[in-house]
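Undergrad: pasting a predicted model and its sequence here:
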Amino acid sequence: MRYVFFVILLSAALTAICAGGDGKTTRELLSRIDREPFHAELLCEEIVKTGDGALPSLEEARQSENLAKKQAALRCIVSIKWKIPVRCFYATGMSLEETIHFSDTQIKDAMRLKIGELEKEGKIKELAEIASTGDAVTAISSLEAIERLDKSREAAETFLRSVQPSDWFYAGVLFAHKPDEVLPAVTATLNSHQENRKLAAISCLIVGSSPKTFDKLISSLKHKSSLVRLRSAQALGIMGDGRALESLADALRKDKDPTVRAEAAWAMGLLENREKAGETLVKALKDDKRQVKTRVIESLAVAGTQSALDALSAFAKDSGEDSLARNRAIRAIGQIGKEGALEKLKPLFAEEDDAYSTVPAVIGSLGPVAIPFIRETIEKADNSDFKTYTKCQLALGTMGADAVPLLLDFLGSEKNVTRLAGRTLLRRLTGEDFEYDREAWEKHLRENPLK
């Protein structure tokens with residue numbers, strides 16, 4: 001089964017019982033996933049930095065009905081427990097279903113005893129073979145035994161000789177945990193002239209990496225195999241070293257394979273100096289492949305520069321572009337945020353183009369900065385202008401608690417439809433209904449502040 005190697009690590013993490021935590025920070029970061037959907041791995045990295053303290057809140061979040069939040073929580077759990085980059089899960093696109101498939105696997109007593117016996121006898125090859133069986137907890141237990149024996153290098157050599165992606169991943173886990181010990185095995189495999197061997201080593205670097213492999217990855221961006229080039233771009237993005245910018249930009253401009261160009265664009269959004277990538281990314285919006293444009297838009301969203309904002313705005317207004325891509329650009333503008341984003345979105349609010357269907361919600365995601373615009377829009381709207389009222393309600397509904405002052409003001413409006421909008425949204429936010437009695441609403445909100 002695809003991506004079984006990721007699931008193998010997840011099993012123990014999901015069944016761990018953890019105490020304590022930096023719950024507030026974790027919950028706040030997870031709540032931003034919807035508002036900042038592009039390169040969510042950057043938010044996850046902030047969560048992972050808090051360590052084991054984040055686990056209780058992550059365990060709570062993995063029960064969420066919000067798919068993006070649930071997936072982020074699961075990936076953070078694995079990253080924290082196994083000390084591997086959360087970026088690797090986003091690079092490979094592991095699905096939620098694939099992640100949780102083996103989450104309840106339990107190791108059998110007989111297998112636990114066998115692993116213990118092999119550990120006592122120091123049989124590395126046999127332990128590596130057990131890890132390759134596909135059983136989640138069994139594989140984890142085997143890797144732990146190998147690490148305790150200080151034989152990670154020998155095991156990594158065994159894994160890197162395999163053509164199975166799961167084995168490459170195990171080698172990466174060992175590299176992440178024992179970098180100095182495993183580096184010789186990875187370096188030797190990176191030097192291989194056999195495409196499968198070289199690909200195995202580069203795939204290993206998606207999970208565990210070392211600055212000492214940087215030059216090899218850069219040179220591999222020119223390899224004849226497009227899959228090797230793709231994995232090299234991903235590994236450089238996970239490494240995040242700003243020195244890779246020029247080489248990745250060159251791949252984005254010139255590589256003949258659109259999948260490689262797309263992953264080069266993704267990687268540029270993760271570099272330390274990603275803001276400097278803006279000029280190349282802006283030009284890449286003209287790429288003739290949607291998958292490349294999609295990745296470019298994601299990285300422009302996290303670059304957050306004025307040039308990125310201008311380029312995304314121009315792209316969103318270009319009727320010759322695919323409507324789904326234009327819609328994605330609208331969301332990217334919202335992720336950059338602040339008043340600059342609002343000014344780009346205002347002219348699109350009244351448009352009926354399908355590409356702008358998310359404009360009201362994106363404006364609402366900007367928070368209090370959008371309040372004056374929504375207030376003015378509603379004040380100018382005619383009672384019969386239901387489209388405008390619907391869009392404003394959508395924006396305010398997305399805004400949540402930040403919209404409360406404006407909603408309270410609506411209760412006293414001379415327009416029936418405005419008063420109704422205020423009451424309806426307050427009722428939705430609180431679960432209560434005090435009709436148009438502002439004092440009653442204010443009293444309830446003081447006693448029951450919204451989160």
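TA: Happy to help now that I have it. Numbers count the residues shown, from 1 in each chain.
Undergrad: pLDDT wise, what is K108 at?
TA: In the predicted model, K108 carries a pLDDT score of 70.
Undergrad: so where's the stretch 1-150 of the chain uncertain?
TA: 1-23, 94-107, 134-136 (pLDDT under 70).
Undergrad: where do the helices of it begin and end?
TA: 4-15, 23-31, 40-49, 55-61, 67-82, 87-92, 96-100, 109-121, 124-131, 136-148 (DSSP state H, counting those that start in this stretch).
Undergrad: roughly how far out does the fourth one sit from the chain middle?
TA: This points to helix 55-61. Here helix 55-61 is found 17 Å from its chain centre; the criterion is CA atoms, centre = their mean, to the nearest Å.
Undergrad: just to revisit the earlier point, quick one: closest of the helices of the stretch 1-150 of the chain to L183.
TA: Checking the helices of the stretch 1-150 of the chain against L183 by CB to CB gives helix 136-148 as the closest, at 15.3 Å. All C-beta spots, glycine's among them, are computed from the backbone N, C-alpha and C.
Undergrad: heading C-terminal from the closest one, find the next helix or strand.
TA: helix 152-160 (DSSP states H and E).
Undergrad: please name every helix or strand in contact with the helix or strand following that following helix.
TA: Using DSSP H and E, the helix or strand that follows helix 152-160 in sequence is helix 165-177. Judged by 3 or more CB pairs under 8 Å, 6 or more residues apart in numbering; DSSP states H and E, helix 165-177 is in contact with helix 4-15, helix 136-148, helix 152-160, helix 179-190, helix 195-207.
Undergrad: which among those helices is found nearest to K451?
TA: Here helix 4-15 is closest among the helices and strands packed on helix 165-177 (CB to CB), at 26.2 Å.
Undergrad: give me the spatial nearest neighbour of D34, chain neighbours excluded.
TA: A68 (6.6 Å; CB to CB, 6 or more residues apart in numbering).
Undergrad: show me the contacts for that neighbour.
TA: Taking CB atoms under 8 Å, 6 or more residues apart in numbering, we find A68 in contact with 33-34, 37, 40.
Undergrad: what is the nearest of those to P360?
TA: D34 (14.7 Å).
Undergrad: which of the contacts of A68 count as buried?
TA: Listed as buried from those are 33, 37, 40; burial here means 16 or more other CB atoms under 10 Å.
Undergrad: please enumerate the helices of the stretch 301-450 of the chain.
TA: So, for the stretch 301-450 of the chain - with DSSP H, counting those that start in this stretch - the helices run 306-317, 323-336, 338-345, 359-365, 371-380, 386-399, 404-410, 416-430, 438-447.
Undergrad: how much space separates L58 from A72?
TA: Separation of L58 from A72 (CB to CB, to the nearest Å) stands at 9 Å.
Undergrad: what do the two both touch?
TA: I47.
Undergrad: any chance of the helices of the stretch 301-450 of the chain in CSV, with distance to A139, mean neighbour count and mean pLDDT too?
TA: CSV is the format used below for the helices of the stretch 301-450 of the chain (distance: least, CB to CB, whole Å; neighbours: other CB atoms under 10 Å; pLDDT from 0 to 100):
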stretch, distance to A139, mean neighbour count, mean pLDDT
helix 306-317, 42, 20, 96
helix 323-336, 37, 22, 96
helix 338-345, 45, 18, 93
helix 359-365, 41, 25, 96
helix 371-380, 53, 16, 93
helix 386-399, 43, 20, 91
helix 404-410, 50, 19, 95
helix 416-430, 46, 18, 91
helix 438-447, 52, 13, 95
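Undergrad: between these, which one is closest to I80.
TA: Taking the helices of the stretch 301-450 of the chain one by one with CB to CB, helix 323-336 is closest: 25.0 Å.
Undergrad: run the chain-centre distance for the closest one.
TA: 16 Å.
Undergrad: output the contacting helices and strands for that helix.
TA: Using 3+ CB pairs under 8 Å, 6+ apart: helix 323-336 touches helix 290-303, helix 306-317, helix 338-345, helix 359-365.
Undergrad: as a markdown table, the ones you listed with distance to V137 would be great.
TA: Output for the helices and strands packed on helix 323-336, formatted as a markdown table (distance: least, CB to CB, whole Å):
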| stretch | distance to V137 |
| --- | --- |
| helix 290-303 | 35 |
| helix 306-317 | 44 |
| helix 338-345 | 46 |
| helix 359-365 | 40 |
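Undergrad: A325: which of the ones you listed is closest?
TA: helix 290-303 (5.2 Å).
Undergrad: and the angle from that closest one to helix 306-317?
TA: 140 degrees (axes from the mean of the first three to the mean of the last three CA atoms, to 10 degrees).
Undergrad: output helix 290-303 in PDB with nothing but the alpha carbons.
TA: Provided in PDB are the C-alpha atoms of helix 290-303 (Å, rounded to 0.1, in the frame of the first residue of the first chain):
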ATOM      1  CA  ARG A 290      -1.800  24.400 -14.100                       C
ATOM      2  CA  GLN A 291       0.100  22.300 -11.700                       C
ATOM      3  CA  VAL A 292       3.100  24.700 -11.900                       C
ATOM      4  CA  LYS A 293       0.900  27.800 -11.500                       C
ATOM      5  CA  THR A 294      -0.700  26.200  -8.400                       C
ATOM      6  CA  ARG A 295       2.600  25.700  -6.700                       C
ATOM      7  CA  VAL A 296       3.800  29.200  -7.700                       C
ATOM      8  CA  ILE A 297       0.600  30.700  -6.200                       C
ATOM      9  CA  GLU A 298       1.300  28.800  -2.900                       C
ATOM     10  CA  SER A 299       4.800  30.100  -2.700                       C
ATOM     11  CA  LEU A 300       3.800  33.700  -3.600                       C
ATOM     12  CA  ALA A 301       1.300  33.600  -0.700                       C
ATOM     13  CA  VAL A 302       4.100  32.900   1.800                       C
ATOM     14  CA  ALA A 303       6.600  35.300   0.200                       C
END
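Undergrad: all set now, cheers.
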